[in-house]
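Engineer: sequence isn't available, so here's the structure alone:
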């Protein structure tokens, strides 16, 4: 799971995730809070949407592995997240669009 968060931390305006990852023993709540507090205020809503998207993608993959005995690669999961983020951003999530395409 950390690999996914590290990959997303490389995206524009998502460097706040890196700060949260450094405290790997933290609970999901404290990870979320650290991530939000390390993000510029103008991008916090986008990071919140990104957090939901990534958790959903991880949950979806977990269910596929447990219930369907199907597994996709790390790269495929990251591509899925990136594609979904684009769709969410252009569908209605303006904060996510701002996070991903505004200059840092």
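Structural biologist: Received, thanks. This one's a predicted model, so the numbers in the text were calculated from it and none came from an experiment.

Engineer: rest of the way, CA atoms for contacts and neighbours
Structural biologist: Noted.

Engineer: low-confidence regions, this structure specifically.
Structural biologist: Within the chain, the stretches with pLDDT under 70 are 1, 23-26.

Engineer: so where do the helices sit in it?
Structural biologist: Secondary structure of the chain (DSSP state H): helices at 2-9, 16-21, 28-37, 44-68, 74-91, 94-101.

Engineer: mean neighbour count added to those, as TSV?
Structural biologist: Shown next, in TSV, are the helices of the chain (neighbours: other Cα atoms under 10 Å):
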stretch	mean neighbour count
helix 2-9	15
helix 16-21	20
helix 28-37	16
helix 44-68	16
helix 74-91	15
helix 94-101	19
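
Engineer: the closest residue to residue 37 other than its chain neighbours and residue 80, how far apart?
Structural biologist: Ranked by Cα to Cα, 6 or more residues apart in numbering and with sequence neighbours excluded, the top spatial neighbour of residue 37 is residue 16, at 7.8 Å. Residue 16 sits at a distance of 21 Å from residue 80 (criterion: Cα to Cα, to the nearest Å).

Engineer: thought residue 49 was touching residue 99, still the case?
Structural biologist: No: if you go by Cα atoms under 8 Å, residue 99 and residue 49 don't touch, sitting 9.7 Å apart.

Engineer: find residues that contact each of these two.
Structural biologist: Common neighbours of residue 99 and residue 49, using Cα atoms under 8 Å, 6 or more residues apart in numbering, do not exist here.

Engineer: so who does residue 16 touch?
Structural biologist: The contact partners of residue 16, by Cα under 8 Å, 6+ apart, come to 9, 34, 35, 36, 37, 38, 39.

Engineer: of the residues you listed, closest to residue 69?
Structural biologist: Nearest to residue 69, judged by Cα to Cα, of the contacts of residue 16 is residue 9 at 29.1 Å.

Engineer: perfect, I'm done here.
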